[in-house]
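>>> build me a model:
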Amino acid sequence: MRVLVAFDKFKDSLPARDACDAAARALRSSHPDWELDLCPLADGGEGFAEILTGAAGGELITVPVTGPRGGRVTAGLGIVPIRKVPAAALELLALRRQPPASETLAVLDMAAASGLAMLAPRSRDPWQTSTIGTGQLIRAAAERGAGAVLLGVGGSATHDLGLGALSGLGLRFRTCGGEDVPAPIPAHWREIARIDGRVAPGLPPIRIACDVANPLLGPQGAASVYGPQKGLLDRDVSRLDSESGRMAGLLCDHFRKERGLAGTPGAGAAGGLAFGLMVAAGAGLVPGFPLVSAWLDLAARLGAADMVLTGEGRFDGTSVRGKGPGALVAKAMGMGKPAHVFAGHADPHPGWAGALVVHSITPSGTPLAQALRDTAANLCAAVRQAF
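Here you go, the predicted structure:
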């Protein structure tokens, strides 16, 4: 029996790699003769740089940067020779297929520098958070000679349109009197009357791995859809959306770009970080899960498997139409492969049938805090019970 063990992270409790390891331990204890293919998944959030860098045999280094609410944090920066990136992934990235052997691709995830999981619930407030650390991480990649940057933008704590990141890359924000506004967080936007400067010269091409299609503004925009998840009060949604529109206009006018870019699908990703980097640095969006799938050669690994084990923190009826584990099990079911999903919380869905079995790993009545602490043990126990 060959089993593909491909878990995403369990949010706030268990990284993808640790989830794969926990499930593998349980399987080996009951079936030591089974062949296991461990394949941690990444969706652009926590673990994106580590997983893709490791899969390509690159080097993960650490860089000190500014956290989402100030202070110094350490973020991972993956350095991967472009020649080691699978051809299918290079094609999605629109990077040339036969670069010089010395050329490298930097792989980053903004969650490591500007992520929501870095903040306690009481500190989550998109009026006060900044992407400056993400900009510092991009600058560090450029200073190390990266030929291109791949940025995962899941798990954001911010809604600053990437202005913090752009300040870390050379832009300056001024008041009507010409005074510097050093922290262009939304709480200070009313002070900003104009933008000066350009991004750092010699910045390599930037590709943003993104699976969301939200525009920057409006009822499906970043503030309306994702702001409350980051601590935004319901009464402040329309105000933040309105102020985002003004700042987006200033940024487009400064770089002589069409204001209609705000309506681009994906422009609202990561609180508008995608929009800011598109306007100021010419960044391009690439589909996140197809990129990860190509990078990890998921199609071939799924084809070689007799069964699939996957999972994440929450799995419901919308997950099969989504990304990560949902997309994986959809592919598995399409091939007639047995698939088992293990989730911290699973909502039953009448569409689940045939080759898909969904397991909720959390014992009934367990308080959330305890469930988060016990995720690894609960996952092991559920896998052992299932097999």
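
>>> contacting residues for S30?
Taking Cβ atoms under 8 Å, 6 or more residues apart in numbering as the definition of contact, the neighbours of S30 are R384, F387. For every residue, glycine as well, the C-beta is placed using N, CA and C.

>>> again with M1
H31, D33, W34, E35, D306, M307.

>>> ok, now G67?
Contacts of G67 by Cβ under 8 Å, 6+ apart are V73, A113, S114, M118, G133.

>>> likewise for L171?
L163, I195, D196, G197, R198, V199, A280.

>>> got the domain boundaries for this structure?
Using automatic domain parsing, the domain parsing of the chain gives 2-41+306-386, 48-289.

>>> per-residue confidence averaged over the longest one?
The reference is to domain 48-289. For domain 48-289, mean pLDDT rounds to 93.

>>> and the next helix or strand past the helix ranked longest in the chain?
Longest among the helix segments of the chain by residue count, using DSSP state H, is helix 237-254. Following helix 237-254 in sequence order, the next helix or strand is helix 269-281 (DSSP states H and E).

>>> hmm, who's touching stretch 9-20?
Stretch 9-20 is contacted from outside by 5-8, 22, 38-42, 45-47, 50-51, 117, 311-314, 344, 371-373, 375-376, 379, using Cβ under 8 Å, 6+ apart.

>>> and with 7 Å instead?
Outside stretch 9-20, the residues within contact range by Cβ atoms under 7 Å, 6 or more residues apart in numbering are 5, 7-8, 38, 40-42, 46-47, 51, 117, 311-313, 344, 372, 375-376, 379.

>>> wait, V149 touches L137, no?
No - under the contact definition of Cβ atoms under 7 Å, V149 does not touch L137, with a separation of 9.0 Å.

>>> ends of stretch 161-172, how far apart?
For stretch 161-172, the first and last residues are 14 Å from each other (Cα to Cα, to the nearest Å).

>>> in that stretch, which residues are buried?
By neighbour count, with 16 or more other Cβ atoms under 10 Å as the criterion, the buried positions of stretch 161-172 are L161, G162, L163, G164, A165, L166, S167, G168, L169, G170, L171.

>>> just these now: which is nearest L356?
For these, the closest approach to L356 (Cβ to Cβ) belongs to G162, at 38.3 Å.

>>> next, that closest one: phi, psi?
Backbone torsions of G162, given as degrees, to the nearest 10, read phi 80, psi 10.

>>> surely it touches G133?
No - here G162 does not reach G133: they are 12.0 Å apart, not a contact under Cβ under 7 Å.

>>> any idea how far apart the tips of stretch 150-167 sit?
One end of stretch 150-167 to the other measures 19 Å (Cα to Cα).

>>> for L41, give me its contacts.
By Cβ under 7 Å, 6+ apart, the contact list for L41 reads A6, F7, D8, A16, V292, G324, P325.

>>> mind listing the helices for the protein?
Taking DSSP H as the test, the helices found in the chain are 16-30, 48-55, 87-93, 111-114, 132-143, 163-168, 222-226, 237-254, 269-281, 288-296, 298-304, 325-334, 368-373, 375-386.

>>> most neighbours per residue, which of those?
With neighbours defined as mean count of other Cβ atoms under 10 Å, these peak in mean count at helix 111-114, which reaches a mean of 31.

>>> how distant is it from the center of its chain?
Taking the mean of its C-alpha atoms, helix 111-114 sits 10 Å from the chain's own mean (Cα atoms, centre = their mean, to the nearest Å).

>>> can you check stretch 151-163 too?
Between the mean C-alpha location of stretch 151-163 and the chain-wide mean there is a distance of 9 Å, by Cα atoms, centre = their mean.

>>> quote the end-to-end distance of that stretch.
Stretch 151-163 end-to-end distance (Cα to Cα) = 16 Å.

>>> same question, stretch 41-58
Start to finish, the residues bounding stretch 41-58 are 17 Å apart (Cα to Cα).

>>> between helix 269-281 and the longest helix of the chain, find me the angle.
Between helix 237-254 and helix 269-281, the angle formed by their directions is 10 degrees, by axes from the mean of the first three to the mean of the last three Cα atoms, to 10 degrees.

>>> between the contacts of L171, which is nearest H188?
Proximity of the contacts of L171 to H188 (Cβ to Cβ) peaks at L163, which lies at 9.6 Å.

>>> pLDDT-wise, what's the bottom of the contacts of L41?
On the confidence scale, the contacts of L41 reach their minimum at G324, with 83.

>>> wait, it touches F7, no?
No - the pair G324 / F7 is not scored as a contact, 9.2 Å apart, by Cβ under 7 Å.

>>> picking that back up, what's the closest of the helices of the chain to V65?
Relative to V65, the nearest member of the helices of the chain by Cβ to Cβ is helix 132-143, separated by 3.7 Å.

>>> with just CA atoms, put the closest one into CSV.
Written as CSV, here are the backbone C-alpha positions of helix 132-143 (Å, rounded to 0.1, in the frame of the first residue of the first chain):
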residue,chain,number,x,y,z
ILE,A,132,6.9,47.0,6.3
GLY,A,133,8.5,43.8,7.3
THR,A,134,7.4,42.2,4.1
GLY,A,135,9.0,45.0,2.2
GLN,A,136,12.2,44.5,4.2
LEU,A,137,12.1,40.8,3.3
ILE,A,138,11.7,41.6,-0.4
ARG,A,139,14.6,44.0,-0.2
ALA,A,140,16.8,41.4,1.5
ALA,A,141,16.1,39.0,-1.3
ALA,A,142,17.1,41.6,-3.9
GLU,A,143,20.3,42.4,-1.9
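
>>> that helix packs against which elements?
Counting contacts by 3 or more Cβ pairs under 7 Å, 6 or more residues apart in numbering; DSSP states H and E, the secondary-structure elements packed against helix 132-143 are strand 59-66, strand 72-81, strand 104-109, helix 111-114, helix 163-168.

>>> try it again at 6 Å.
With contacts taken as 3 or more Cβ pairs under 6 Å, 6 or more residues apart in numbering; DSSP states H and E, helix 132-143 sits against strand 59-66, helix 111-114, helix 163-168.

>>> thanks again, I'm all set now.
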